[in-house]
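Undergrad: For reference, the sequence and a predicted model appear below.
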Amino acid sequence: MNRATRQQLLEINRAFYEAHADAFDRNRGARPWPGWERLLPVLPADLLDASGRRPLGAVLDIGCGNARFACFLAQSGFAFQYTGVDANPALLAAARRQLAAAAPAGPAELVLHDFLATGAPGDGLPPGPFELVVLMGVLHHVPGADWRLALLRAAAARLSGRGLLALAVWQFEDDPREQRKRVEGPVAAAGTGAGIAIDPEALEPGDAFLRFGDDPSAPPRYCHSVRDAELEAWPAALGLDCIGEFRADGARGIANRYAVLRRA
Ligand SMILES: C[S@@+](CC[C@H](N)C(=O)[O-])C[C@H]1O[C@@H](n2cnc3c(N)ncnc32)[C@H](O)[C@@H]1O
C-alpha cells in the first residue's frame, strides 16, 4: 500500500475516534469480551500471593481504549503492573476512570502514543519486558500486511522469556450485520489529503470502511479483515509458537479470531 493512502486511512481513524470516543466508551463500557475468559487458564501467572491474587507481572495493552481488559484481569483476581497505550486522549481519560473504579492490585500507567506515527510500526512502544502483551481488536485498524507484521514484531520483541502475546482479530467479513454498515462509495480523509477520495485501487483485499452504530450519516472508520492465510503465517514469521487459537464474541460467537503465542 502506498504511503499517501496509508496516511489518509490513519487520518480517517484518528478523526473517527476523536468524534466517537465517548460513544465508543459507552458502547464497550467495562464489559469484557467472552473470549477473554478462555485466555485465563494459559496466563503465565504465579501461585496466589498473600493477598489471594495471582501475580502476573507486567502487562502491555496496545490500543487499550478504555482499559476494560485491565479491569477484566483485576476482576479475575490477577495482580499486575499495567501499561495501556492508545492514541486517543478521551479514551485514555475513560481508562483512567475505569482503572480507578476497578482498583487493580498493581501500578497502572497510561501512555498517549500513536504506534504508527513514528519510525517503523511499534518502534516507540514501551520497552518492557512484559509477561503479557495484548492487541485486542486493534490490528484491523493497521493498514497493510507489512505494517501489521511489523507491529506484531515490535510486540513480540517486548515479551519476557515466559511472556505471552494474545491477539483478538476482528472478522467482520463473516458478520452480515457489519456488512450492512459498509460504505461503498468514495471516502475521503478530513485532514491529510482533505477532499481527496481514497483511491480504491490502492486498497487491499479485506479493507473496508464501516459505519459505527446505526446512524447512516456517521462517518466511517477504516477496518481490515485479516484473512486466515495472513494470520496463520504470523507465528512462524515472529518465531513464536501458537499455543491457543479459537473464535469467540459477538452474537454468533465468531466475531473475533484469537491467537495466543509464546517464544518457540
Ligand atoms: C476497537 S478499539 C479496541 C480498544 C480496546 N483494545 C478494547 O478491547 O476495548 C481500537 C483502539 O485502538 C486505538 N488505536 C487505533 N490505532 C491506533 C494507533 N495507531 N496508535 C494507538 N492507538 C490506536 C484506538 O484509539 C482504539 O482505542
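TA: Looks like it came in fine.
Undergrad: what about the residue lying closest to Ala74 once chain neighbours are set aside, how many residues close to it?
TA: Closest residue to Ala74 apart from its sequence neighbours, by C-beta to C-beta, 6 or more residues apart in numbering: Pro104 at 3.8 Å. In this view, the C-beta of every residue, glycine as well, is placed from N, C-alpha and C. For Pro104, the tally of surrounding residues (other C-beta atoms under 10 Å) stands at 21.
Undergrad: again, but for Leu149
TA: 18.
Undergrad: Settle this for me: it is touching Leu231, isn't it.
TA: No - Leu149 lies out of contact with Leu231 (C-beta atoms under 8 Å); the separation is 10.8 Å.
Undergrad: need the residues of this structure near the ligand, please.
TA: Proximity of the chain to the ligand, by C-beta under 6 Å from any ligand atom, involves residues 13, 17, 28, 63-65, 68-69, 86-88, 91, 114-116, 136-138, 141.
Undergrad: Please pick the buried ones from those.
TA: 13, 17, 28, 63-65, 68-69, 86-88, 91, 115-116, 136-138, 141 (16 or more other C-beta atoms under 10 Å).
Undergrad: Now tell me what touches the strand or helix carrying Ala237 from outside.
TA: Assessed by DSSP states H and E, Ala237 sits inside helix 228-238. With contact meaning C-beta atoms under 8 Å, 6 or more residues apart in numbering, helix 228-238 is reached by 145, 148-149, 152-153, 156, 165, 169, 240-242, 257, 259, 261, 264.
Undergrad: Now do that helix, average pLDDT.
TA: If you average the pLDDT over helix 228-238, you get 97.
Undergrad: Same question for that helix: list its buried residues.
TA: So helix 228-238, judged by 16+ other C-beta under 10 Å, has buried residues 230-231, 234-235, 238.
Undergrad: Now it - C-alpha only, CSV.
TA: What follows is helix 228-238, C-alpha atoms only, in CSV (Å, rounded to 0.1, in the frame of the first residue of the first chain):
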residue,chain,number,x,y,z
ASP,A,228,-6.7,-16.8,7.5
ALA,A,229,-3.5,-17.2,5.4
GLU,A,230,-2.1,-13.9,6.8
LEU,A,231,-3.0,-14.8,10.4
GLU,A,232,-1.7,-18.4,10.2
ALA,A,233,1.7,-17.1,8.8
TRP,A,234,2.3,-14.9,11.9
PRO,A,235,3.7,-17.4,14.4
ALA,A,236,6.5,-18.6,12.0
ALA,A,237,7.2,-15.1,10.9
LEU,A,238,7.5,-14.0,14.5
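Undergrad: from the chain's centre, how far out does it sit?
TA: 17 Å (C-alpha atoms, centre = their mean, to the nearest Å).
Undergrad: what do you get for stretch 109-118?
TA: Worked out by C-alpha atoms, centre = their mean, stretch 109-118 lies 13 Å from the chain centre.
Undergrad: what about that stretch, how long is it end to end?
TA: Terminal residues of stretch 109-118 lie 21 Å apart, using C-alpha to C-alpha, to the nearest Å.
Undergrad: Following element in sequence after the helix holding Ala237, please.
TA: Next element after helix 228-238 (DSSP H and E): strand 240-248.
Undergrad: In strands, which of the buried ones among the residues of the chain next to the ligand appear?
TA: 86, 136 (DSSP state E).
Undergrad: Low-confidence stretches in the stretch 101-250 of the chain?
TA: 189-195 (pLDDT under 70).
Undergrad: Quick one: the strands in it, in order.
TA: Here the stretch 101-250 of the chain has its strands, by DSSP state E, counting those that start in this stretch, at 108-112, 130-136, 159-170, 207-210, 221-224, 240-248.
Undergrad: just the angle between the second one and strand 159-170, please?
TA: Going back to what we said before, that points to strand 130-136. With axes from the mean of the first three to the mean of the last three C-alpha atoms, to 10 degrees as the basis, strand 130-136 and strand 159-170 are set at 10 degrees to each other.
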